[in-house]
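Asks: When you get a sec, could you give me coordinates for this:
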Amino acid sequence: MLKCTFIGRGDMLKLINTLEVAGVVTRQYEGKTGVKFAYTRNGVVTGVQG
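Replies: As a prediction, this is how the structure comes out:
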């Protein structure tokens, strides 16, 4: 996600939380501009809060 999206490539997200349960990795990113939070599950964006 960080390498293939405009927000990720622009260094606009900062990793703030990682959780792994039963092999599923969930990450929460905090946005620097425009996006408050972005959520991924195993590298796939599952939500964006703006």
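
Asks: For the rest of this, base every contact and every neighbour count on C-alpha atoms.
Replies: OK.

Asks: Give me the distance from stretch 21-28 to the chain's centre.
Replies: Here the centre of stretch 21-28 is set off from its chain's centre by 12 Å, with Cα atoms, centre = their mean, to the nearest Å.

Asks: mind listing what's buried in that stretch?
Replies: 26-28 (16 or more other Cα atoms under 10 Å).

Asks: Adding secondary structure and pLDDT as columns, could you present the residues you listed in TSV?
Replies: Converted to TSV, the buried residues of stretch 21-28 look like this (DSSP: H, G, I helix; E, B strand; the rest coil; pLDDT from 0 to 100):
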residue	secondary structure	pLDDT
Thr26	strand	97
Arg27	strand	95
Gln28	strand	95
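
Asks: Now distance to Asn17 too, for those residues, in CSV please.
Replies: Shown next, in CSV, are those (distance: Cα to Cα, whole Å):
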residue, distance to Asn17
Thr26, 8
Arg27, 6
Gln28, 5
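
Asks: Gly47: which of those is nearest?
Replies: Taking Cα to Cα as the measure, Gly47 lies nearest Gln28 of those, at 9.5 Å.
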